[in-house]
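Undergrad: All I have is the shape, not the residue letters:
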């Protein structure tokens, strides 16, 4: 498995925001979002066996693990790693861009699927796999990155047309300018969470946080 970095930090996004977490960032992605903030993970890194990654995670001693990228589900050994981490008692967040089928993921209360639906500003909205919404439950989360009003209206339309059983997160592109998005959500009384990227508020645009 190709790994960009493994590090310990606070979860910066979603319903587990602020939770101390070990992050395993894989290399490579099948999409190319215009506002991507982890382009360094598209290449480079080093090959690590699932056993090596599991041992590195054990070294941090945190019960929460985030598998992120890039896109972790393009890694052929990712399911072996997930099984190992589950066997070791970890709670796993799987950050996925929503363009790959989720049917191979184990059914476990210790897995949170954190799935994006790409809005128009990403340039990748045609890659959304809406069938994946059927795999999301109350223990998962659906995320929209909102760069502008067009993105917001797109997300609002999706919420009105799709049957979504998971908490919904809206985050501004860039992660910190919450005011416009907060105003739109309150005006329309959308029952979603408006959240920042906490790590950017604390540390700015840095790797390994």
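TA: It's in. Source: prediction; values computed, not measured.
Undergrad: what kind of secondary structure is the residue positioned nearest the centre of the chain in?
TA: Central residue of the chain (Cα atoms, centre = their mean): residue 95, 3.1 Å from the mean position. Per DSSP: H, G, I helix; E, B strand; the rest coil, the local secondary structure of residue 95 is strand.
Undergrad: I'd like the distance between it and residue 189.
TA: 29 Å (Cβ to Cβ, to the nearest Å). In this view, the C-beta of every residue, glycine as well, is placed from N, C-alpha and C.
Undergrad: Next, the buried residues of the lengthiest strand in the chain.
TA: When the chain is parsed with DSSP state E, its longest strand is strand 2-10. Buried positions in strand 2-10, judged by neighbour count with 16 or more other Cβ atoms under 10 Å: 2-6, 9-10.
Undergrad: Need the residues that contact whichever helix or strand comes after it.
TA: Using DSSP states H and E, the helix or strand that follows strand 2-10 in sequence is strand 20-26. If you take Cβ atoms under 8 Å, 6 or more residues apart in numbering as the criterion, strand 20-26 is touched by 1-11, 38, 41, 45, 53, 56-57, 60, 62, 64-72, 74-75, 78, 81, 93.
Undergrad: Report the angle between strand 20-26 and strand 2-10.
TA: 160 degrees (axes from the mean of the first three to the mean of the last three Cα atoms, to 10 degrees).
Undergrad: I'd like the average pLDDT over strand 20-26.
TA: The average pLDDT within strand 20-26 is 98.
Undergrad: For that strand, which strands pair with it and how are they oriented?
TA: strand 2-10 (antiparallel), strand 64-68 (parallel) (DSSP bridges).
Undergrad: what about the longest helix in the protein?
TA: helix 149-161 (DSSP state H).
Undergrad: And the following helix or strand past it, what does it pack against?
TA: As assigned by DSSP H and E, the chain's next helix or strand after helix 149-161 is strand 168-172. Other helices and strands packing on strand 168-172, by 3 or more Cβ pairs under 8 Å, 6 or more residues apart in numbering; DSSP states H and E, are strand 141-146, helix 149-161, helix 179-188, strand 193-194.
Undergrad: ok, residue 113 to residue 73 distance?
TA: 10 Å.
Undergrad: what does residue 18 give?
TA: 26 Å.
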